[in-house]
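S.K.: Whatever this is, show me its structure:
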Amino acid sequence: MKQHCSFSQLVLVFLFQFLFCSTIAMKSTNLSTDQSSLLILKSRITSDPDNILTNNWTTKTPVCAWTGVTCGGERVTGLDIRNIGLEGSIPPEIGNLSFLVSLYMSGNIFHGNIPKEIGDLHRLKYLDLRFNTIDGEIPSSLGRCSQLEHLSLSFNRFVGRIPREIGNLTQLKELDLGSNYLNGMIPEEIGHLHKLQVFDMRYNNLTGRVSPTIFNISRLEVIRLTNNSLVGSLPIDICSYPDRSVLEELDLSYNSFDGEIPPSLSKCSQLQKLLLQSNNFSGIVPREIGNMTQLVELSLDSNSLSGSIPPEIGKLHSLIHLGLSVNHFSGSIPPSIKNLSHLTDLILDQNDLSGKIPYEVGDLKMLQILSLSENHMSGELPPTLSNLTRLTSLSLSQNDLSGNISWNMLSANLETLLLTGNNFQGTFPQNITHFRNLSMIELAKNQLSGPIPDTIGNLLRLNTLILYSNRLTGEIPLSICNLASLEVLYLSNNTLEGTIPSCLGNMSETLRILILDFNRFHGLIPDTFKKGCVLECLNLCGNRLEGKLPRSLSNCKGFQILNVGYNNIRDVFPVWMETLPQVQVLCLKSNKFYGTISPLESKKPPFPMLQYFVTSENEFTGPLPVEYLSKLGALMNQKKLRDWSNWPYKESVVIVIKGVMYPLSKLRRVYTVIDFSMNKFDGNIPNSIGNLNFLMFLNLSHNHLGGKIPESLGEATSLDYLDLSCNRLVGEIPEALTNLTFLSSLNLSYNLLVGTIPHTNQFHTFDNSSYLGNPGLCGFPLTGCESVEGLARENEEDDEEEDDNFFDGFTWGVVAMGYGCGFLFGTIGGCFIIFCVRPKWFDNFFLPIDKLVRGRK
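M.R.: Predicted coordinates:
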């Protein structure tokens, strides 16, 4: 018996030793596997700027002592290599770290795909790969990481759809997939994640409706869906459940959500941020919003909300930001806003609000931004504005405000002052230096008078000065040259005089926009634009400037707009501007430019971006510039055309149609113009003009052009306005012009055209004035061609009889008929010569007589 027991004990001891050694061996093997997996990860690193892994992750050091590695129970349980600038890819062997609980790799430059083997990490709770350049699709195998609580993949380059398998991660508390390129719908399976606290899908390309079950996950604290293309409405019962009051942030901005804001939303009593701007929400703001007393930020801008601003909004005592701009709110601003004692931003612009600015605004002592632009506010500025000592931005443009601007009540901390488009009067104060922080002044379209004070030069932070359409007088003060940060100077439509300070050219390293049109400036245009010049727009139209165009403008390589129309500039065509590839507007109208227009010899196409080309009312001679009329890239490629609606100074570019000036932006978002009228161009209209298939306005009238109207003109199918009047064009009107189906204005009068007027498409809409002074034309709306042809046949039949019996048929009626016809055709021909051709002998003979007669009067 003793021997038996001894044998049994030996067996047990042997088995215990075997199992112990096996366990030790297994643990050693698994830790070795972890080490091998990490070394493979290290081998995929192509850049380790601080040599952290290079020097530390070696076989000479225990793996559990490696930087960023955490072990537990003889296995690697954590890997934290955040924000150390590593560059490389993630190997499939990452899936061998089977005891891994946390994996932090954010803030590096990892690229490539996430390997599907990551789904083998069944113990993983934290996965953070934010701020890398990882691409490809999110692997559906992540759905096997059943213990995952935090999944953060934002700020990468993921594409494709969100895998439905994420709905299996029932322990998930944070799901952050923002700032990627994900598309498709948000899987409704996410509504099954009942422990979810943070749901962040912002800045993707997601579409479709969001399942109501997602909005009603009971533990959700943060919902961020901004900047997608999501649609649908908010659930009418949102926040209706008793345990649904933990929501702190709801950001649905910049989507296409619609419908009304449900009153039940007010039951989310812990809500601090409600961001619904830039959607299609409609209806009124529910009065129940006053119950959301924890709100800090309320942004409902850029929707279709209407009605009045509910006075209950005054109950939101914690509110810091209130944005209701770009809606249809009407009525007055409720006095209850005085209770918003923490408010820093009050943004109500672009609505239909009316009445006076309430005195209660002055109670908002913390206010920094007050924006009421583009409403119907009236009256004078309330004196309580003087209480807003922290105000940095005051925007009241495009209202009906009036009275003098009381500069003394404005905050000395103002950085932005926008009062354009009101009825303010008064002058600039000499003590404007009191506002040393001002960077932007916009006081255009008011009734301000007097000079611009010399003290303006002390506002050293000023970058924008916009004062157009006032009653300002005097000269531009030379102190303006001190404004080293000035980018925009817009002084048009005043009565300013004197010469343009030459120092403005020296400021060209900062000055981008210089608009001085329709004043009384005289003298030369400064020729002081230096290399590195950043000037983009120079508009000096409607002054009394002389001399030549400044050649130093060629130093401004980003130059886009030149308008010197209605001056006395005498120069040849500025072919040197061909070297400026961004030029889009070139207006030389009504000056004394002369000579032929001969492009430079260059392999590059001239003026590739030009879309507004006006040389009218000058003394240019010779043939039309074929190189320009066949190779203007912007008029051949729609992608190069500028959308004027987005340019903040679009009112400064105008076009004259039938003597009326129109801002280019009010005609169309994109408008293209060639106007060579009232010069002395001769020769034919080139066939290549048909290449300009995005040309909308063409005026070649009042020149000496001859030949036929080219058939190719019918290929310029975007034409809206065509004027070829007062030339010497011959032949028939090409039938191809009926292809111009957008044509709304046509003038072919006073030429030598013959034949039948086309009558299809747009041509049946034009009246007699389009064809006057062409005796050989017939058809609608002129005399029918059959009467002209019938008269010709009768004349031919009567010729023989009249030859044999001339005296038998002679009557004084025939003489009268001949005299009348001669008088008619002579009058038409005389008018044509006088008004369209104006030969030199006519001017030499009649102008002295005209001056003598006027002198006697």
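S.K.: And the helices in the stretch 351-500 of the chain, which stretches?
M.R.: Assigned by DSSP state H, counting those that start in this stretch, the helices in the stretch 351-500 of the chain number zero.
S.K.: do the same with the stretch 701-850 of the chain
M.R.: 785-804, 806-809, 812-832, 840-856.
S.K.: can you list the weak-confidence ranges in this protein?
M.R.: For the chain, the stretches with pLDDT under 70 are 1-29, 242-244, 637-648, 650-652, 655-659, 662-670, 786-857.
S.K.: Report the contact partners of the nearest residue to Gly683 once chain neighbours are set aside.
M.R.: Using Cβ to Cβ, 6 or more residues apart in numbering and skipping the chain neighbours, the partner closest in space to Gly683 is Pro623 (3.7 Å). Using the backbone N, CA and C atoms, a C-beta is placed for each residue, glycine as well. Pro623 makes contact with Thr596, Phe681, Asp682, Gly683, Asn684 under the criterion Cβ atoms under 8 Å, 6 or more residues apart in numbering.
S.K.: From Val730, how far off is Pro623?
M.R.: Pro623 sits at a distance of 17 Å from Val730 (criterion: Cβ to Cβ, to the nearest Å).
S.K.: Leu41 now?
M.R.: From Leu41 to Val730 the distance is 82 Å (Cβ to Cβ).
S.K.: In terms of neighbours, single out the busier of the two.
M.R.: Leu41 (22 against 15; other Cβ atoms under 10 Å).
S.K.: Pretty sure the more buried one sits in a helix.
M.R.: Yes: judged by DSSP: H, G, I helix; E, B strand; the rest coil, Leu41 forms part of a helix.
S.K.: got the contact list for Thr615?
M.R.: Counting by Cβ under 8 Å, 6+ apart, Thr615 touches Phe573, Leu588, Lys589, Phe593, Ile597, Asp675, Phe676, Asn679.
S.K.: Number of residues surrounding the fifth one?
M.R.: Using other Cβ under 10 Å, Ile597 has 22 neighbouring residues.
S.K.: swap in the last one?
M.R.: The burial metric for Asn679, expressed as a neighbour count using other Cβ under 10 Å, is 23.
S.K.: just checking, Glu117 touches Pro92?
M.R.: Yes: at 4.5 Å, Glu117 and Pro92 qualify as touching, with contact defined as Cβ atoms under 8 Å.
S.K.: Give me the contacts around stretch 184-197.
M.R.: So stretch 184-197 is in contact with 160-164, 166-175, 199, 201, 206-214, 216-222, 230, going by Cβ under 8 Å, 6+ apart.
S.K.: Could you do stretch 254-268 as well?
M.R.: Stretch 254-268 is contacted by residues 225-240, 244-245, 247, 250, 271, 274, 276-286, 288-292, 300, 305 when judged by Cβ under 8 Å, 6+ apart.
S.K.: Now that we have these, which of them are buried?
M.R.: Listed as buried from the contacts of stretch 254-268 are 225-228, 230, 233-235, 238-239, 244, 247, 250, 271, 274, 276-279, 281-282, 285-286, 288-292, 300, 305; burial here means 16 or more other Cβ atoms under 10 Å.
S.K.: What's the end-to-end length of stretch 741-756?
M.R.: 19 Å (Cα to Cα, to the nearest Å).
S.K.: ugh, wrong one, I meant stretch 148-158
M.R.: Between the opening and closing residues of stretch 148-158 there is a gap of 20 Å (Cα to Cα).
S.K.: thinking again about what came up before, which ones among the contacts of Thr615 are found in strands?
M.R.: Among the contacts of Thr615, the ones falling in strands (DSSP state E) are Asp675.
S.K.: Make CSV out of the contacts of Thr615 and add distance to Leu153.
M.R.: Output for the contacts of Thr615, formatted as CSV (distance: Cβ to Cβ, whole Å):
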residue, distance to Leu153
Phe573, 59
Leu588, 57
Lys589, 58
Phe593, 62
Ile597, 59
Asp675, 56
Phe676, 59
Asn679, 64
